[in-house]
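1. next one to model:
(2 chains)
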Amino acid sequence: MSTIIRYAFPQSPIHDCIHDFLHESNCNGNSDEPGFTSWPQVDITENENSYMLKADLPGVDKNEISIKIEKGVLSIDGEKKVEKKQQNNKYYYYERDYGKFKRSFLLPEGTDTEKIEANMSNGVLNMTIPKAQKARPIMIEVKE
Amino acid sequence: MNAILKNVMLPQMLNEIMTSDVNCNVERQFAGEKWPRVDILENENSYTLKAELPGIDKSGINIVVEQGILRIEGERKSDSKSENEKFHHIERNSGKFSRSFSLPEETDSEHIEAKMENGVLELTIPKTERAKPKSIEVKVN
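-> Numbering: from 1, shown residues only, chains lettered A, B, ... in the order given. Next up, the predicted model:
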């Protein structure tokens, strides 16, 4: 006879980072990879139907960004190039980040990777990662 | 003589003015984090200031020149839509910002131009005619 049992999340250290939704995937050794950066800065939020990732990429053309999903890891990488006409100028302040960037995040189980959408507006990359139907909460009405 | 002294004493570059604007993001200022990040560069005809302001509409940015000081200020509102949104990572800056720079004397503050593109504010601050380098051709009779 099968029964409904209380579900406990796996507690082993290896599983901790995998079950931490959209945890940065440093735990698979990627942090040593050249080009792994702490920028762009990202916000990741979740609502009932999807996860939302926003990354600040001011001055980066959308053609310079590549988004890849491999083995459940979402990677955003690309390059911010110094504009050619600037190269001969004299610099007083140089605070902006330039060069190659890469950030990777573990996708939680129950995301629909086929339907991820991405768009750029005002220098912000907006991604919507929908939850699979079975991962969405279902409201059950109590009947009288 | 006076002019020479002035040039020695006043640095030509745009210096950041530390503002005691209590309204801007004090926490980040204490952490020593400059926001927005800027590049300032100079060519023969002008200074260019580029500030990274992703996700901010141009109507949310104020640029003021007052007594030789250029101030960029505004606010980035947190864009969470619903109350039942859960947060996993919050790294992006939000709140009020303000940065001020002293303009070098030989700039034409009447003709400063500003444009926003791809989340980058670009200010072009022209130099006065006097400050632009001139080459004088030597004519041979």
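2. so the residue nearest the centre of chain A: helix, strand or coil?
-> The residue at the geometric middle of chain A, judged as the C-alpha nearest the mean C-alpha position with C-alpha atoms, centre = their mean, is residue A:105 (4.9 Å). For residue A:105, the reduced secondary structure class is strand; criterion used: DSSP: H, G, I helix; E, B strand; the rest coil.
3. so residue B:91 touches residue A:43, yeah?
-> Yes - shown here, residue B:91 and residue A:43 form a contact pair, counting by C-beta atoms under 8 Å, at 6.5 Å. Glycine gets a C-beta too; all of them are placed from N, C-alpha and C.
4. which parts of the helix or strand encompassing residue A:101 are buried?
-> In this structure, residue A:101 sits in strand A:99-106 according to DSSP states H and E. The neighbour-count criterion (16 or more other C-beta atoms under 10 Å in any protein chain shown) identifies A:101-106 as the buried residues of strand A:99-106.
5. elements contacting it?
-> In terms of contacts (3 or more C-beta pairs under 8 Å, 6 or more residues apart in numbering or on different chains; DSSP states H and E), strand A:99-106 is packed against strand A:73-80.
6. settle it for me: which of residue B:91 and residue A:43 has more neighbours?
-> The neighbour count for residue B:91 versus residue A:43, taken as other C-beta atoms under 10 Å in any protein chain shown, is higher for residue A:43 (20 against 14).
7. quick check, pLDDT for the closest residue to chain B within chain A.
-> Here the residue of chain A nearest chain B is residue A:123; by C-beta to the nearest C-beta that distance is 1.7 Å. In this prediction, residue A:123 carries a pLDDT score of 95.
8. that one: what's its closest spatial neighbour, skipping adjacent residues?
-> Among residues not flanking residue A:123 along the chain, residue B:119 sits closest, at 1.7 Å (C-beta to C-beta, 6 or more residues apart in numbering or on different chains).
9. so that neighbour touches residue A:61, yeah?
-> No - distance between residue B:119 and residue A:61: 11.5 Å, which falls outside the contact criterion (C-beta under 8 Å).
10. of the two, who's got more company?
-> Summary of the neighbour comparison: residue B:119 and residue A:61, criterion other C-beta under 10 Å, with residue B:119 having more neighbours (22 against 13).
11. need the pLDDT of that one.
-> Looking at residue B:119, its pLDDT stands at 95.
12. mind listing the residues bridging to the residue nearest to the centre of chain A?
-> According to DSSP bridges, residue A:24, residue A:74 are recorded as the beta-bridge partners of residue A:105.
13. now do the contacts for the residue nearest to residue A:123.
-> By C-beta atoms under 8 Å, 6 or more residues apart in numbering or on different chains, residue B:119 lies in contact with A:56-59, A:122-124, B:52-56.
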